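A.B. asks: Have a look at this prediction, sequence included:
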There are 2 protein chains.
Amino acid sequence: MAANSQFAMAVHILAMLASSRDENLSSSYIAGSVNTNAVVIRRLLGQLGHAKLVVSQTGANGGTRLSRCPDEINLSEVYQAVNCGEVFALHSKGPNRDCPVGRNMESVLCNLQKEIDHGIYNKLSQYTLANLFEKVETER
Amino acid sequence: MAANSQFAMAVHILAMLASSRDENLSSSYIAGSVNTNAVVIRRLLGQLGHAKLVVSQTGANGGTRLSRCPDEINLSEVYQAVNCGEVFALHSKGPNRDCPVGRNMESVLCNLQKEIDHGIYNKLSQYTLANLFEKVETER
DNA sequence: TGGATCTGTATCCGAGTGTGTTACAGAAAT
DNA sequence: ATTTCTGTAACACACTCGGATACAGATCCA
């Protein structure tokens, strides 16, 4: 299945906030860069705010800014904030428990799933928002 | 998004084939253990066959068996065979190229995506079907 | 105080897709 | 020839993501 793009958009949003640390950005302004609807941005900002990565202010001149320095925000935190689910899903019905193979399949796959997730987490932990922002700036 | 369960089902199928190396298994028999429809199994077997992991025979007493020993089948091959797509998607519309941040976002995210995929691939490469089958047998 | 701005939700629509199901042509064994 | 099995095609259903409108509440400012 095609995965969703929430992580990609969240990183994009955070990169924008990192580039304007001294001012609040409005959801519609961010939406202009991400090329989507402002509500989509606000939904994501809600998740990022819940994860304490950003802070928002309502009202005129409101908007959102980072809650910490970009070098203190880890991409693994972002991944967790927008919970993208698992890499692969277990079969919804579950295997047939009368079958000797099927009986133990579920736990084996579940363990494998956790291990992969852990691997992704470790990989993303190697990057901070500052690292990424640096790439955005220098890349041609 | 909830990912699809094709990888999980594929592994399950291969574990069954590994447990019956001396005989062909029919798609409906496998479907009984995976707890799904035989056509779903045949679709997956088609992908696995295309990746040269299994061989099928049509006709009476037909069915499918592994094309190699379980210790020569790597889980990363299975992952590639049932192409589960990417861990996260890039935004379908693409970022706004008039924005200095948006302009470079795409390539940065694309590189990150490749890196994660590579990590998953490496993790899965650590396991053969034989390793996994062993776990299925011993797990309680 | 009143108007403007912005967030935070609720709600709905459309498109895409994964899963399940039926149906059927073709291949192989008996 | 009949049976059994694969390989597809075709369709329905459910789910979810992205997009859009609408509106209450908060905040600033004139």
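C.D. replies: Happy to help now that I have it.

A.B. asks: From here on, just use CA atoms for contacts and neighbour counts.
C.D. replies: Fine.

A.B. asks: Surely A:Ser5 is in contact with B:Phe88?
C.D. replies: Yes. Contact criterion C-alpha atoms under 8 Å: A:Ser5 and B:Phe88 qualify, at 5.7 Å.

A.B. asks: Among the two, which residue is more densely surrounded?
C.D. replies: Taking neighbours as other C-alpha atoms under 10 Å in any protein chain shown, A:Ser5 and B:Phe88 compare with B:Phe88 leading, 22 against 17.

A.B. asks: Validate this expectation: that one resides in a strand.
C.D. replies: No. Per DSSP: H, G, I helix; E, B strand; the rest coil, B:Phe88 lies outside any strand segment and is coil.

A.B. asks: List the buried residues for the longest helix seen in chain A?
C.D. replies: In chain A, taking DSSP state H as the definition, the longest helix is helix A:100-125. By neighbour count on 16 or more other C-alpha atoms under 10 Å in any protein chain shown, the buried set for helix A:100-125 is A:101-109, A:112-113, A:116-117, A:119-121, A:123-125.

A.B. asks: How about stretch A:63-80?
C.D. replies: A:63-67, A:70, A:73-79.

A.B. asks: mind checking the end-to-end distance for it?
C.D. replies: Stretch A:63-80 stretches 23 Å from its first residue to its last (C-alpha to C-alpha, to the nearest Å).

A.B. asks: What residues sit buried inside the very next helix or strand once past the longest helix of chain A?
C.D. replies: Toward the C-terminus, helix A:100-125 is succeeded by helix A:129-138 as the next helix or strand (DSSP states H and E). Buried positions in helix A:129-138, judged by neighbour count with 16+ other C-alpha under 10 Å: A:129-130, A:132-133, A:136.

A.B. asks: would a markdown table of these with pLDDT be doable?
C.D. replies: Shown next, in a markdown table, are the buried residues of helix A:129-138 (pLDDT from 0 to 100):
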| residue | pLDDT |
| --- | --- |
| A:Leu129 | 95 |
| A:Ala130 | 94 |
| A:Leu132 | 87 |
| A:Phe133 | 74 |
| A:Val136 | 66 |
